[in-house]
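Q: got a sequence here, can you build the structure:
(2 chains)
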Amino acid sequence: MANHTISVTVNGGKEYLDVPSNMTLLQMLREKLALTGTKNGCAAGECGACTVLVDGEPVNSCMMLAVEADGCEVTTVEGLAHRETLRVSENPKGLSALQEAFVEHNAVQCGFCTPGVLISAHALLERNPHPTDDEVREALVGNLCRCTGYLRIVEAVQAAAKAAPETGAGSLEGGAQ
Amino acid sequence: MTAIRMASTTDPVGKSVPRIDVYEKVTGAAVFADDMQFGPGLYYGRLVRSPHAHALIKHIDASKALELPGVKAVVTGADVNARIGLYLIDRPVFATDRVRVVGEPVAGVVATSEAVAEQAVRLVEVEYEELPAVFDPVEAARPDAPLLHPDLGEYEVANFIFPEPGTNISEHFKLRKGDPASAWPQCTAIVEGTFRLPQIQHVPIEPHVAVALWETAGGVTLWTCSQSPFAQRDLISQSLGIPHGNLRVVSPYVGGGFGGKAGVSMEVYAVVLARAVKGHPVKVRMTREEEFIGTTTRQSLVAHTKIGCDAEGNLLAMETEYYFGGGAYNDYGVNIARAAGYSCTGPYRIPNVKGDSYCVYTNRPIGSAMRGFGMPEIHWGIEQIMDQLAEKIGMDPAEFRRRNCVKAGDTILTGMEMPAVDLVACIDKVAEAIGWGQDEEPSAPHKRRGKGVAIMWKAPAMPPNPGSSAIVRFNEDATVNVEIGAQDLGQGAFTVVAQMAAQVLGVPYEWVRISVPVDTKYSPYEWQTVASRITWSTGNAVKAAAQDARRQILEIVAEHWGEDIKDLDIKDGKVVSFKSEREQPLQNMVVYGLPNENFEGWKGGPIVGQGHFMPTYVTNLDFETGQGTRAVVHYTVGAQAVDLEVDTETGQVEVLKIASAYDVGKAINPDLVMAQIEGGAVHGMSSAFEALRFDESGQPLNPSLVDYRIATSVDAPQEIHGDIVETPLEDGPWGARGVGEHVMVQTAPAIANAINDALGIRFNDLPLSAEKIFLALE
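A: Below is the predicted model:
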């Protein structure tokens, strides 16, 4: 199996990695970088537990090769709380508004789907800061959850959307990029 | 939220404090079994699985697999001649002489990578001779059916399970009360029906994973996502002859269990593969396909049930036969049939009952524990018949249930006195929440709207004496570590026991830590995290441990102050005297004790409290009648009502609203109870539309998340209304009883009753597929 050297920005930090050509982005994150917040639930693009942002778009990282991420910016759940561009200033723990809302609304049970759900919801609020409930449900249809029944997740996403400023395009990014 | 975290929540029992594990879980920091790092010495195991539903194994040749570079070992039944099981030890670790289901492991391969292991699996040659297979539990119970377990009479079995050697029946529970035959003529209305449920799967989002290390010195460690670290230690120790003290089971966070990670399913394979490559940890991880067919499933059921009532709507008689399709091995499933037997009436007073509950071997995936443990299966038929009886005598179905449901003090079907619960209050609450009796307009002309109600009961189904234990120990700054062997599967067990410890100790909730991961080497004993028993059983143990620690603290301070211990209390982390109004902060004294006057010696020392709980009052039941003084520890009861629409052009059902009410005794954390109620309602709804499908030779047709659909965010109802009823349980901590499973038990029949209300059509068989409904409308 041929190896390739790639450069990829993960949660704001530049990584130079040797990866086999058949390694998935999910394997790269979990096995090369020990970023195990991103989960392997099916390895077939069906459950959404491995969702990460690649250049701002949510993707199933089990369905993308690591070499395809060469030159890309990848954000995992570990990156949500620490990205400087996130609006987290009031919070000494540095959680994003979305993470805060998941805590407040008890939108987490076993927590295995949570990283992927957070990433999909984050991407939704970036492109649609004030979604309807139906739009939230549509955005999360690829993220399976067996515990919560989804309603609290929708509530949490809406709470985070309400917490976002109405100005500055309403983005969670707060215009700092 | 930070504000809440930093807040000082005193007297937390009954308050909706945030989950103790939530910050780890929203940041990706929570460690699950697959996330643990084992370094470059890690090997990978894969299993060679049977392609046949029923066959004799003639020959296994692993030579080609062993020649593949990177392959370290191939293990077969010749190396591991052992059986494993909980209630009925019927399952060989690896099949030796015959396979009984497609996907049964016949060998395991260890290699340096998962890819090489997978390649090697295909190089293991197994010669089979196919046998006739049987899939339907009723057919399998017939005397002329192909026999799956000729050695059934030789298996070790728990003393309350009754297999019938020479047949495929692994358990037969008999319930006899009164005389149904003489009661039928007095019935004004009788409804009889056959109801079928397919096998379904738990579908935790985290697939099973186990890593084992067999040290050359003899110690064995198993890291796995487990509801039952101690039961796994016990069963694997017994099966493989490892001293209990030498086997350590470590279980980090569990990514959903629902019963599928209870007992032993695939964990033993990591251990036997690790034995072949001592010194190297071996990881065995289920693919999603293996998760469907190679772990465990919910059993199928065929129920023949007949119930009758008089003209006033009083239930008079019931006869029922339950045939549970237990799959190839019934090591756990036998107790599901037993539980269905001793609860066979559902939550109703019926004076004359004849019930026979069978667990039957079939050439299907292993049926085992799943959320509800037999109760969703039997309530599917019972709750539809109750609606039909009400209709026949012209009574409102909710009123019919109020009249007939079990009430505190009733002598129930096993002869046991019904503990205090308020099922009528649950019915009232869901009726009000759903707008019972009011017709709603459908959202489009081609849609029909309907409402349905269903009620339930469930007792923890377990051996008579499952134990829990707990340790509470203080740190210098008066933060407290609570050690338990119970597991948090997402239901919130860690949070509620932390609340209980804080309540007893008089410290804020935020001062409590749970010592995780659960580790049989360090954590105190816990039977299993199953049966909705943790809030009650582990809760009692934690309460006792905290009381022990509290007594130790108060004794030291009482002596120090020369006061009576009765005048002291612990409030907000300080010992206070009502009499002298003195205060003593817990900091430091809980580890270093207190100095005598002028430092002339010290008193006290590190505070460590311990406690345990085990029910001691459950009695055996008579083999012929199922009668006994106390069949179970208690029952939790509840009601659900559903409002839905059916699209007559597609047959699709849209559940608009589910109302649930459960009598939990005492909600230690009300919002966590509501989270169970909501998640369970969607799980129950999803279960009405799920089925594992097979072709006629027993090959699975839909073992993927694309072909086996579970409810997604767009399928969840628009609204779930929850109500909590609190009738205290005599021996529950603060009166609490469990609710984790109950929340999905009666959702499917509530939906079926609502579909009948909408369409006037009854469906006796699950799943409620759109196709089936559409065809029935034609």
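
Q: taking chain A, what residue is nearest to chain B?
A: Closest approach between chain A and chain B, counting by C-beta to the nearest C-beta: residue A:37, at 2.0 Å. Placement of C-beta: from N, CA and C, glycine included.

Q: surely that residue touches residue A:76?
A: Yes - counting by C-beta atoms under 8 Å, residue A:76 is a contact partner of residue A:37 at 5.8 Å.

Q: pLDDT value on residue A:95, please?
A: With respect to pLDDT, residue A:95 scores 88.

Q: and it, how close does it get to residue A:102?
A: 9 Å (C-beta to C-beta, to the nearest Å).

Q: what does residue B:455 give?
A: Using C-beta to C-beta, residue B:455 is found at 33 Å from residue A:102.

Q: quick one: which of those two has more around it?
A: The residue with more neighbours, out of residue B:455 and residue A:102, is residue B:455; 32 against 29, by other C-beta atoms under 10 Å in any protein chain shown.

Q: so that one sits against residue B:383, correct?
A: Yes - between residue B:455 and residue B:383 there is a contact under C-beta under 8 Å: 7.1 Å.

Q: got any residues that touch both of these two?
A: Counting by C-beta atoms under 8 Å, 6 or more residues apart in numbering or on different chains, the residues touching both residue B:455 and residue B:383 are B:346, B:746.

Q: tell me the pLDDT of the spatially closest residue to the residue of chain A closest to chain B that is not a sequence neighbour.
A: Using C-beta to C-beta, 6 or more residues apart in numbering or on different chains and skipping the chain neighbours, the partner closest in space to residue A:37 is residue B:28 (2.0 Å). With respect to pLDDT, residue B:28 has a value of 94.

Q: same check, this time on residue A:1
A: What the model reports for residue A:1 is a pLDDT of 70.

Q: near it, how many other residues are there?
A: Using other C-beta under 10 Å, residue A:1 is surrounded by 8 other residues.

Q: again with the one 5 residues further on
A: Counted with other C-beta under 10 Å, residues neighbouring residue A:6 total 20.

Q: do residue B:695 as well
A: If you count neighbours by other C-beta under 10 Å, residue B:695 ends up with 10.

Q: next one: residue B:32
A: Neighbours around residue B:32, by other C-beta under 10 Å: 22.

Q: can you tell me, leaving aside adjacent residues, what's nearest to the spatially most central residue of chain A?
A: Nearest residue to the geometric centre of chain A (C-alpha atoms, centre = their mean): residue A:119, 2.2 Å. Nearest residue to residue A:119, sequence neighbours excluded (C-beta to C-beta, 6+ apart): residue A:51, at 4.5 Å.

Q: show the backbone phi and psi for the one you found.
A: Reported as degrees, to the nearest 10, the phi and psi values for residue A:51 are phi -60, psi 130.

Q: quick one: the residue of chain B found nearest chain A from residue A:146, how far?
A: Nearest to chain A, among the residues of chain B, is residue B:28, at 2.0 Å (C-beta to the nearest C-beta). Between residue B:28 and residue A:146 the distance is 19 Å, computed by C-beta to C-beta.

Q: swap in residue B:147?
A: 37 Å.

Q: who has more neighbours, these two?
A: Neighbours around residue B:147 and residue A:146, counted as other C-beta under 10 Å, are more numerous at residue A:146. The numbers are 27 against 17.

Q: isn't that one up against residue B:255?
A: No - here residue A:146 does not reach residue B:255: they are 9.1 Å apart, not a contact under C-beta under 8 Å.

Q: any common contacting residues for the two?
A: A:110, B:204-205.

Q: which among the residues you listed gets closest to residue B:271?
A: Ranked by distance to residue B:271 (C-beta to C-beta), the shared contacts of residue A:146 and residue B:255 are led by residue B:204 at 21.2 Å.

Q: isn't that closest one right up against residue B:253?
A: No - with contact defined as C-beta under 8 Å, residue B:204 and residue B:253 do not form a contacting pair (11.8 Å).

Q: shared neighbours, these two?
A: What both residue B:204 and residue B:253 touch, as defined by C-beta under 8 Å, 6+ apart, is the set A:110, A:112.

Q: in chain A, which ranges drop under the pLDDT threshold?
A: A:82-93, A:165-177 (pLDDT under 70).

Q: which segments of it make up each domain?
A: Here the domain parsing of chain A from automatic domain parsing is A:3-79, A:81-165.

Q: chain center to the shortest one: distance?
A: By that I understand domain A:3-79. Its chain's average C-alpha position is 11 Å from that of domain A:3-79, according to C-alpha atoms, centre = their mean, to the nearest Å.

Q: which stretch of helix or strand covers residue B:679?
A: Take DSSP states H and E as the rule and residue B:679 turns out to sit in helix B:670-687.

Q: tell me if residue B:303 really is in a helix.
A: No - applying DSSP: H, G, I helix; E, B strand; the rest coil, one finds residue B:303 to be strand, outside a helix.

Q: what is the neighbour count of it?
A: 24.

Q: residue B:477 too?
A: By other C-beta under 10 Å, 13 other residues sit near residue B:477.

Q: now the one 3 residues further on
A: Neighbours of residue B:480 under the rule other C-beta under 10 Å: 25.

Q: just give me the neighbour total for the nearest residue to it once chain neighbours are set aside.
A: Closest residue to residue B:480 apart from its sequence neighbours, by C-beta to C-beta, 6+ apart: residue B:512 at 5.0 Å. Neighbour count of residue B:512, defined by other C-beta under 10 Å: 25.

Q: give the contact list for residue B:512.
A: With C-beta under 8 Å, 6+ apart, residue B:512 has these contacts: B:20, B:479-480, B:482, B:498-499, B:501-502.

Q: just flag the most distant two among these.
A: Maximum pairwise distance in the contacts of residue B:512, criterion C-beta to C-beta, is 15.1 Å, between B:479 and B:499.

Q: and the two? Which one has more around it.
A: Higher neighbour count among residue B:479 and residue B:499: residue B:499, with 28 against 17, using other C-beta under 10 Å.

Q: any chance you could map the strands in the stretch 101-250 of chain B?
A: B:105-111, B:125-130, B:169-177, B:189-197, B:209-214, B:220-224, B:247-251 (DSSP state E, counting those that start in this stretch).

Q: quick check: end-to-end length of stretch B:429-448?
A: Across stretch B:429-448, the terminal residues are separated by 25 Å (C-alpha to C-alpha, to the nearest Å).

Q: now do the SS call for the closest residue to residue B:204 other than its chain neighbours.
A: Excluding the flanking residues, the one nearest residue B:204 by C-beta to C-beta, 6+ apart is residue B:256, at 3.1 Å. What three-state DSSP gives for residue B:256 is coil.

Q: pLDDT score assigned to residue B:256?
A: Model confidence at residue B:256, given as pLDDT, is 97.

Q: count of residues packed around it?
A: Neighbours of residue B:256 (other C-beta under 10 Å): 24.
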